[in-house]
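1. sequence unknown, structure follows:
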């Protein structure tokens, strides 16, 4: 597996309020789809669950690399609370997809290199 330089990603929000903070993503996710099949091998057509790059990065750092939430938040350049919300959202989406037999789509983000 090739190691990529970290890059910055951020939700694009228009309107009033504080703009979202950039998150440092340590790998470049490509668009990947996981589609469940029934017992006859036919794809199940349920609405997909979409995993955002920051949710995938939080899951990767905490569960694959074994970092604490504090360490993972430091690597992503966000607060521990923001990392916890990304982890919670990612876990909820994965469990929802598994229980309800929904496709999982990992979306790529436009790279915003610093």
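-> Structure received. Just so we're clear, the structure is a prediction, and the values are computed from it rather than from any experiment. Numbers count the residues shown, from 1 in each chain.

2. so where's this structure uncertain?
-> 1-15, 17, 20, 109-114 (pLDDT under 70).

3. which parts of it are helices?
-> In the chain, the segments counted as helices under DSSP state H are 53-59, 69-76, 80-100.

4. from these, which stretch is densest packed?
-> helix 53-59 (a mean of 23; mean count of other C-beta atoms under 10 Å). C-betas here are computed from N, CA, C, even on glycine.

5. does residue 108 touch residue 33 like I think?
-> No. The pair residue 108 / residue 33 is not scored as a contact, 12.0 Å apart, by C-beta atoms under 8 Å.

6. could you dump the helices of the chain into a markdown table with distance to residue 16 added?
-> As requested, these are exported to a markdown table (distance: least, C-beta to C-beta, whole Å):
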| stretch | distance to residue 16 |
| --- | --- |
| helix 53-59 | 22 |
| helix 69-76 | 26 |
| helix 80-100 | 20 |
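
7. between those helices, which gets nearest to residue 39?
-> helix 80-100 (16.3 Å; C-beta to C-beta).

8. hey, what's the angle from that closest one to helix 69-76? Just curious.
-> 100 degrees (axes from the mean of the first three to the mean of the last three C-alpha atoms, to 10 degrees).

9. who does helix 80-100 touch, helix- and strand-wise?
-> strand 49-51, helix 53-59, helix 69-76, strand 104-106 (3 or more C-beta pairs under 8 Å, 6 or more residues apart in numbering; DSSP states H and E).

10. cutoff 6 Å now
-> strand 49-51, helix 53-59, helix 69-76 (3 or more C-beta pairs under 6 Å, 6 or more residues apart in numbering; DSSP states H and E).

11. switch these over to TSV; also include distance to residue 84.
-> Output for the helices and strands packed on helix 80-100, formatted as TSV (distance: least, C-beta to C-beta, whole Å):
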stretch	distance to residue 84
strand 49-51	17
helix 53-59	9
helix 69-76	6
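
12. quick one, which of the ones you listed gets closest to residue 100.
-> strand 49-51 (8.4 Å).

13. list the buried residues in that closest one.
-> The neighbour-count check on strand 49-51 (16 or more other C-beta atoms under 10 Å) flags 49, 51 as buried.
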